[in-house]
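*Asks:* need coordinates for the below:
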Amino acid sequence: MREPLPELLDAKRLAAELGVTRAAAEAIMRRLPVVQIEDLRKVYVRRSDVAAYLEARTFAKDAVPS
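*Replies:* Prediction:
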């Protein structure tokens, strides 16, 4: 059985799903590997990469890095 293709998110959809500004979504995207398709200007990130990034950047209130 083949694995499904990764779900791709652009900055607009990422912002809507996370409830953040587009600038915040673009900042997150700059930290992740991007998927860029020839002849398209739009850049995407994989949903799984976003989830992993958010998990890695989530801290207990007493453990926030400075």
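*Asks:* how close does Val34 sit to Ala25?
*Replies:* 13 Å (CB to CB, to the nearest Å). Heads up, the C-betas are built off the backbone N, CA and C, glycines and all.
*Asks:* can you name the next helix or strand after the longest strand along the chain?
*Replies:* Counting residues, the longest strand found in the chain (DSSP state E) is strand 43-46. Later in the chain than strand 43-46, the nearest helix or strand by DSSP states H and E is helix 47-56.
*Asks:* circling back to that earlier point, which one of Val34 and Ala25 is surrounded by more residues?
*Replies:* Higher neighbour count among Val34 and Ala25: Ala25, with 22 against 12, using other CB atoms under 10 Å.
*Asks:* from what I can see Pro33 touches Val50, true?
*Replies:* No. The criterion here is CB atoms under 8 Å, and Pro33 misses it with Val50 at 10.8 Å.
*Asks:* can you list residues touching both of these two?
*Replies:* With contacts taken as CB atoms under 8 Å, 6 or more residues apart in numbering, Pro33 and Val50 have no neighbour in common.
*Asks:* where do the helices sit along this structure?
*Replies:* 11-18, 22-30, 47-56 (DSSP state H).
*Asks:* nearest to Arg2, of these?
*Replies:* Nearest to Arg2, of all these, is helix 47-56, at 16.1 Å by CB to CB.
*Asks:* residues contacting the nearest residue to Ala15 once chain neighbours are set aside?
*Replies:* In space, and not counting its chain neighbours, Ala15 is closest to Ala25: 3.8 Å by CB to CB, 6 or more residues apart in numbering. By CB under 8 Å, 6+ apart, the contact list for Ala25 reads 11-12, 14-15, 18.
*Asks:* what is the burial count for Arg46?
*Replies:* Arg46: 17 neighbours (other CB under 10 Å).
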